[in-house]
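Participant: Pasting a predicted model and its sequence here:
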Protein chains: 2
Amino acid sequence: MSAPSAPSASSDGTTESAPLPSPSPPARGRRAPRVSGDERERAILATAEELLQTRALHEISVDDLAKGAGISRPTFYFYFGSKEAVLLTLLDRMVEEANVLRVAALAAAPPEPAARWRAAIAAFHDAFAAHRAVALAAAGARASSPDVRDLWARVMEGWVQETTDAIEAERARGAAPDTVPARHLAVTLNWMNERVLHTTFAGESPAVPAAQVVDALVATWLGAIYAGAVPPA
Amino acid sequence: MSAPSAPSASSDGTTESAPLPSPSPPARGRRAPRVSGDERERAILATAEELLQTRALHEISVDDLAKGAGISRPTFYFYFGSKEAVLLTLLDRMVEEANVLRVAALAAAPPEPAARWRAAIAAFHDAFAAHRAVALAAAGARASSPDVRDLWARVMEGWVQETTDAIEAERARGAAPDTVPARHLAVTLNWMNERVLHTTFAGESPAVPAAQVVDALVATWLGAIYAGAVPPA
DNA sequence: CGGCGCACTCGACAGGGTGTTGACAACGCC
DNA sequence: GGCGTTGTCAACACCCTGTCGAGTGCGCCG
């Protein structure tokens, strides 16, 4: 189904730590659920998501995370290789949820093209909104962490691919004009969503009011996909 | 003229250090051009831009900057309050150049709407391309430096304003439909440009090939601005 | 049942980065 | 020829990261 190639945390309750781009040498030993181990891991994750509500990742020290989870700093390193690895796990979960939301939204949407485009965009928006702290932190960490950057790139690639297919389907049935390559359009539109949602949730300056951001995005998508792109002289 | 409210380094040759959002307590004393002082400052700036070609800002230490400029670390702090302040100055210059480019491009463009939109977008692209290292570093530093974030927000606000005015002019003459508020469209389109150009120059994953990125952006702008946004059922 | 080993924990360290302090040198100028 | 301003740096205090090695308690196998 939808998730193209993003690593997935196996979806049973206990969030068994997934492979991920491999948190480097100081990996885990996790296998015998001695109980307390997984609890600690969850405590670290929860602390991280909580602290991210109010501070950026670079303002959070490993010690903060450790203290929040009731352990010492060295013990933190038993569970995660770095605070970026924690964020990566959080991001991975969010992506998982986003894909679930997306599939559900598309399944529930009526067949008209406009409604389907809107449903997909709204799903993207909702996933972002539900974990905005994680999403914003991940965006910030993309600059410094190759793992975060790669994971996000894979996620975007999946969405771009789906978008490209959908545009091509519309073109095939003659509903949309064949202007710029569908993939290029898909790339620009998906990055636009990411960036605009980011600014909106971050409360940065030129932002679209939160209540209308989906409208603005949908309008732009529809215009770009269905217009002949020839402005009147 | 064009530059809306971005702080401007007074444009004579010697780049007299502009106010900027004030690099905090350890400010300058700069006023008597004792020669060697400004030279050092320029050396730091040059070193920074050079090092940014190959490494991200967080991989560059103040010591690297100081050594590159032939001074010691404490002396660096005589000139700039932090490495972020250096980046801020570099960014300020780039913005200055971008605005010059933009005005020139619009002045030289033919009167047809399509050509004018393309000229403005291409100017944005060229400014970015000319100092991509600075632009990419600034994007990364937005997460950690409020000054960088604010400067960039002001710059975007200026462009958004110009775009909004242009869209409204088109609507006023009946050339473009009155769908979503012009400003919302302007915001989404400008952030789209920023993000897509970023991915392209950074060589990140789902990117439009550099040669066609301006085409893709222009197509999206024209579609979004001139289309009625009503896809065929 | 007693000892082996694994899962887990942390005190203490090494190393690297930042920003500041205070002493000091050179220069122009009054 | 003394004085402020500009510029310079060694040394310091501090914070943060990641690692090492010495434990501790528990299950399990012999």
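Facilitator: The structure has been received and is ready for your questions.
Participant: Please, which helix or strand holds the residue nearest the centre of chain A?
Facilitator: When Cα atoms, centre = their mean is applied to chain A, the residue found nearest the centroid is residue A:95 (4.6 Å). Residue A:95 belongs to helix A:83-108 when elements are defined using DSSP states H and E.
Participant: Could you tell me which residues within the helix or strand just after that helix count as buried?
Facilitator: The helix or strand immediately downstream of helix A:83-108 is helix A:113-130, counting by DSSP H and E. Buried residues in helix A:113-130, defined by neighbour count with 16 or more other Cβ atoms under 10 Å in any protein chain shown: A:113-114, A:116-125, A:127-128. Placement of C-beta: from N, CA and C, glycine included.
Participant: Reformat those residues as JSON lines; add pLDDT.
Facilitator: Compiled in JSON lines, the buried residues of helix A:113-130 are given as follows (pLDDT from 0 to 100):
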{"residue": "A:113", "pLDDT": "93"}
{"residue": "A:114", "pLDDT": "93"}
{"residue": "A:116", "pLDDT": "96"}
{"residue": "A:117", "pLDDT": "96"}
{"residue": "A:118", "pLDDT": "96"}
{"residue": "A:119", "pLDDT": "96"}
{"residue": "A:120", "pLDDT": "96"}
{"residue": "A:121", "pLDDT": "97"}
{"residue": "A:122", "pLDDT": "97"}
{"residue": "A:123", "pLDDT": "94"}
{"residue": "A:124", "pLDDT": "93"}
{"residue": "A:125", "pLDDT": "96"}
{"residue": "A:127", "pLDDT": "92"}
{"residue": "A:128", "pLDDT": "92"}
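Participant: what's the helix holding residue A:95 packed up against?
Facilitator: If you count contacts as 3 or more Cβ pairs under 8 Å, 6 or more residues apart in numbering or on different chains; DSSP states H and E, helix A:83-108 packs onto helix A:36-52, helix A:62-68, helix A:113-130, helix A:132-141, helix A:146-172.
Participant: where does chain A have low pLDDT?
Facilitator: A:1-37, A:228-233 (pLDDT under 70).
Participant: domain assignment for it?
Facilitator: Here the domain assignment for chain A is A:37-79, A:83-226, based on automatic domain parsing.
Participant: touching DNA strand C at all, the last one?
Facilitator: No: Domain A:83-226 does not reach DNA strand C (Cβ under 7 Å from any atom of the strand); its nearest approach is 13.4 Å.
Participant: where's the helix holding residue A:95 relative to the chain centroid, distance-wise?
Facilitator: 6 Å (Cα atoms, centre = their mean, to the nearest Å).
Participant: Sort out which residues of that helix are buried, please.
Facilitator: A:83-96, A:98-102, A:105.
Participant: one step back: nearest to residue B:205, of the buried residues of helix A:113-130?
Facilitator: For the buried residues of helix A:113-130, the residue nearest residue B:205 by Cβ to Cβ is residue A:124; the value is 17.3 Å.
Participant: Surely that closest one touches residue A:98?
Facilitator: Yes: when contacts are counted by Cβ atoms under 8 Å, residue A:124 is listed as touching residue A:98 (7.0 Å).
Participant: what about residue A:72, how many neighbours?
Facilitator: By the criterion of other Cβ atoms under 10 Å in any protein chain shown, residue A:72 has 12 neighbours.
Participant: List the contacts of it.
Facilitator: Going by Cβ atoms under 8 Å, 6 or more residues apart in numbering or on different chains, residue A:72 touches residue A:66.
Participant: Give me the distance between it and residue A:64.
Facilitator: Residue A:72 sits 12 Å away from residue A:64, going by Cβ to Cβ, to the nearest Å.
Participant: next one: residue A:209
Facilitator: On the measure of Cβ to Cβ, residue A:209 and residue A:64 end up 34 Å apart.
Participant: Who has more neighbours out of these two?
Facilitator: Between residue A:209 and residue A:64, residue A:64 has the larger neighbour count (other Cβ under 10 Å), namely 17 against 13.
Participant: And for residue A:134, the neighbour number?
Facilitator: Residue A:134, neighbours per other Cβ under 10 Å, totals 22.
Participant: how much space between the residue nearest to it when sequence neighbours are not counted and DNA strand C?
Facilitator: Nearest non-adjacent residue to residue A:134, counting by Cβ to Cβ, 6 or more residues apart in numbering or on different chains: residue A:90, 4.8 Å away. Per Cβ to the nearest atom of the strand, to the nearest Å, residue A:90 is found 19 Å from DNA strand C.
Participant: Verify the stated contact: residue A:90 with residue A:46.
Facilitator: No: Residue A:90 lies out of contact with residue A:46 (Cβ under 8 Å); the separation is 9.8 Å.
Participant: Residue A:204 in helix, strand or coil?
Facilitator: When classified by DSSP: H, G, I helix; E, B strand; the rest coil, residue A:204 comes out as coil.
Participant: Now do the contacts for the residue nearest to residue A:53 when sequence neighbours are not counted.
Facilitator: Nearest-residue entry for residue A:53: residue A:133, 5.0 Å, with adjacent residues in sequence omitted and distances by Cβ to Cβ, 6+ apart. Residue A:133 makes contact with A:49, A:52, A:53, according to Cβ under 8 Å, 6+ apart.
Participant: Can you tell me the number of residues neighbouring the last one?
Facilitator: Residue A:53 sits with 10 neighbouring residues when counted by other Cβ under 10 Å.
Participant: and what of the first one?
Facilitator: Using other Cβ under 10 Å as the criterion, residue A:49 is surrounded by 18 other residues.
Participant: Just confirm it contacts residue A:134, I think it does.
Facilitator: Yes: in this structure, residue A:49 is within contact of residue A:134 by Cβ under 8 Å, at 6.3 Å.
Participant: Need the overlap of contacts for those two.
Facilitator: residue A:90.
Participant: Return the most buried member of the helices and strands packed on helix A:83-108.
Facilitator: Neighbour counts (mean count of other Cβ atoms under 10 Å in any protein chain shown) averaged over each of the helices and strands packed on helix A:83-108 peak at helix A:132-141, with a mean of 22.
Participant: and that helix, does that touch DNA strand D?
Facilitator: No: Helix A:132-141 lies out of reach of DNA strand D by Cβ under 7 Å from any atom of the strand, never closer than 12.6 Å.
Participant: how much does that helix deviate in direction from helix A:113-130?
Facilitator: 90 degrees (axes from the mean of the first three to the mean of the last three Cα atoms, to 10 degrees).
Participant: to the chain's geometric centre, what's the distance from helix A:132-141?
Facilitator: On Cα atoms, centre = their mean, the centre of helix A:132-141 falls 9 Å from that of its chain.
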